[in-house]
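Colleague: with the input below, show me the fold.
(chains A and B)
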There are 2 protein chains.
Amino acid sequence: VKLLLCDIGNTSYHILDYCVAYKREVGIFNPASITEKIYYISVNGAVSERVATLENWVDVAQYVDMSKYYETMGIDRICAVEAVRSAVIVDAGSAITVDVVRDEKFEGGFIFPGVEAMEQTYKNISPALDYSFNFDLDLDIMPKNSQDAISYGFLKTLYSEVMSHNLPVILTGGNAVELQKVFKNATVDEKLIFDGMKQIIKKAQLC
Amino acid sequence: VKLLLCDIGNTSYHILDYCVAYKREVGIFNPASITEKIYYISVNGAVSERVATLENWVDVAQYVDMSKYYETMGIDRICAVEAVRSAVIVDAGSAITVDVVRDEKFEGGFIFPGVEAMEQTYKNISPALDYSFNFDLDLDIMPKNSQDAISYGFLKTLYSEVMSHNLPVILTGGNAVELQKVFKNATVDEKLIFDGMKQIIKKAQLC
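Modeller: Alright, predicted model coming up:
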């Protein structure tokens, strides 16, 4: 089945046009420029209001069985969870959401700051901590310089928690490829959220 | 030996007047108001310049064997390390520094954002993440609400890394007592940095 899908985040529209994925900036892109039927999810309040007025934009959220999740959980996280059987899903965007699914049961999840947010945090604490993260860091060695000390603080703490669940790790989101340098055995799946949207659409027999 | 000690941070002078510890705000407190000999350390560039002009203020940093450490490592962290034999030291202030000492050897350390900085980070990512952390969270259960999801993201990631070293944990700094709710077997030692300063002063035979 051919589907036009859109995952609307805080900064961009992520569109899957049958098999081609592309991004358009929130604030520049006009959703009314799409006239075909398009299934979407949105965590962006302003854009949600706008596309709700367009008849061809169908909100996938209304077809989710919410009893498995919690009320304020982002619909993007829910879609990712719907796409997997057993995994820790690490979705690295402006925030890094980590969700644990075991035997198709959602166990819960947590939120960690994204790469950019965390670099900004260190910089705000002290100009002496104004570095980009070193993703090539060896996490088995305790750091002995400032750049590695903040890189390790960001990456090893996240890594230690994620690996403690003893499940395969799936990386998605804008910083997935960078994080794979640390999560060496993880799979990168840029279309995980779209896969979950398709599952939900299929279950709801919308196509 | 009776000593007057001062640990100067980004926001306050932390003074140990023989056995009474107290804090004075940077920007309000006048260091020239102390006329006795006082041994200090400082991570605050502006205050460092000011006290350097005062003859009775003695910088402890000059007596440290720096070969064990790295150049940009904060003198407060070095003093804490000098105070212990084998431990993970978690100093929770505007940043949380974590340093690993095994058999009096400094193995290295990392830097994590402090409580306030991290709450601000989540808030900046999204107004939906504007919560205070829940320190009473059960870290054995994956969160299913937003406040717990960010609290777990901050606390469990730090906890997992710190505990992986299999060493006693010592908490110090302004948020030590809050963190003890999570690090249940940890010792809180508010005077750890002063203990390290005393060790350095003793080794240097200054008194």
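
Colleague: bridging residues for the most centrally placed residue in chain A?
Modeller: Per Cα atoms, centre = their mean, the C-alpha nearest to the average position across chain A is that of A:Asp91, at 3.3 Å. Under the criterion DSSP bridges, A:Asp91 forms beta bridges with A:Thr97, A:Thr172.

Colleague: contact partners for it?
Modeller: A:Asp76, A:Arg77, A:Ala80, A:Thr97, A:Val98, A:Asp99, A:Thr172, A:Gly173, A:Leu192, A:Ile193 (Cβ atoms under 8 Å, 6 or more residues apart in numbering or on different chains). For every residue, glycine as well, the C-beta is placed using N, CA and C.

Colleague: the biggest helix by length in chain A: which residues count as buried?
Modeller: Looking across chain A with DSSP state H, the single longest helix is helix A:146-163. Across helix A:146-163, burial judged by 16 or more other Cβ atoms under 10 Å in any protein chain shown covers A:146-162.

Colleague: just stretch A:32-42 next, same as before
Modeller: For stretch A:32-42, burial by neighbour count (16+ other Cβ under 10 Å) applies to A:Ile34, A:Ile38, A:Tyr39, A:Tyr40, A:Ile41, A:Ser42.

Colleague: for the third one, give me the pLDDT.
Modeller: Translated: A:Tyr39. At A:Tyr39, the predicted lDDT confidence score is 97.

Colleague: please enumerate the strands of chain A.
Modeller: A:4-8, A:12-17, A:20-25, A:38-42, A:57-59, A:87-92, A:95-102, A:105-113, A:169-172, A:187-188 (DSSP state E).

Colleague: surely A:Ser151 touches A:Asp138?
Modeller: No - between A:Ser151 and A:Asp138 there is no contact under Cβ atoms under 8 Å: 10.5 Å.

Colleague: other residues contacting stretch A:167-179?
Modeller: Contacts for stretch A:167-179 (Cβ under 8 Å, 6+ apart): A:80, A:84, A:86-93, A:96, A:100-102, A:114-115, A:135, A:162-163, A:180, A:183, A:185-190, A:192-193.

Colleague: give the contact list for the residue of chain A most remote from its centre.
Modeller: Distance from the C-alpha centroid of chain A peaks at A:Lys144, with 32.0 Å (Cα atoms, centre = their mean). By Cβ under 8 Å, 6+ apart, A:Lys144 lies in contact with B:Tyr69, B:Tyr70, B:Met73, B:Gly108.

Colleague: mind running it again at 7 Å?
Modeller: By Cβ atoms under 7 Å, 6 or more residues apart in numbering or on different chains, A:Lys144 lies in contact with B:Tyr70, B:Gly108.

Colleague: so which bits of chain A are right by chain B?
Modeller: Residues of chain A lying near chain B by Cβ under 7 Å from any Cβ of the partner chain: A:70, A:72, A:94-95, A:100, A:107-113, A:117, A:121-122, A:124-125, A:128-129, A:141-146, A:149-150, A:152-153, A:156-158, A:160-161, A:164.

Colleague: switch to 6 Å and redo it
Modeller: Chain A comes close to chain B at residues A:70, A:72, A:94-95, A:100, A:107-108, A:110-113, A:117, A:121, A:125, A:142-146, A:149-150, A:152-153, A:156-158, A:160-161, A:164, as judged by Cβ under 6 Å from any Cβ of the partner chain.

Colleague: which non-adjacent residue is nearest A:Val58?
Modeller: Leaving out its chain neighbours, the residue that sits closest to A:Val58 by Cβ to Cβ, 6 or more residues apart in numbering or on different chains is A:Tyr39, at 5.0 Å.

Colleague: same thing with A:Ala186?
Modeller: Take A:Ala186 and drop its neighbours on the chain: the residue closest to it by Cβ to Cβ, 6+ apart is A:Val169, 3.9 Å away.

Colleague: same question for A:Ser12.
Modeller: A:Lys23 (4.6 Å).

Colleague: quickly list what that neighbour is bridged to.
Modeller: Beta-bridge partners of A:Lys23, as defined by DSSP bridges: A:His14.

Colleague: quick check: pLDDT value at it.
Modeller: At A:Lys23, pLDDT is 94.

Colleague: surely it meets A:Leu16?
Modeller: No - A:Lys23 is not in contact with A:Leu16 according to Cβ atoms under 6 Å; the separation is 10.7 Å.

Colleague: more crowded one of those two?
Modeller: Remark: of A:Lys23 and A:Leu16, A:Leu16 carries more neighbours, 22 against 14, as counted by other Cβ atoms under 10 Å in any protein chain shown.

Colleague: now for the more buried one: which residues touch it?
Modeller: A:Leu16 sits next to A:Leu5, A:Phe194 when contact means Cβ atoms under 6 Å, 6 or more residues apart in numbering or on different chains.

Colleague: try 8 Å
Modeller: A:Leu3, A:Leu4, A:Leu5, A:Cys6, A:Asp7, A:Lys191, A:Phe194.

Colleague: pLDDT check: weakest of these?
Modeller: Confidence-wise, A:Leu3 trails the rest of the contacts of A:Leu16, at 89.

Colleague: ok, which pair from the contacts of A:Asp91 is furthest apart?
Modeller: The distance between the two most remote of the contacts of A:Asp91 (Cβ to Cβ) is 14.8 Å, for A:Val98 and A:Ile193.

Colleague: in chain A, where is pLDDT below threshold?
Modeller: Low-confidence segments of chain A, defined by pLDDT under 70: A:1, A:207.
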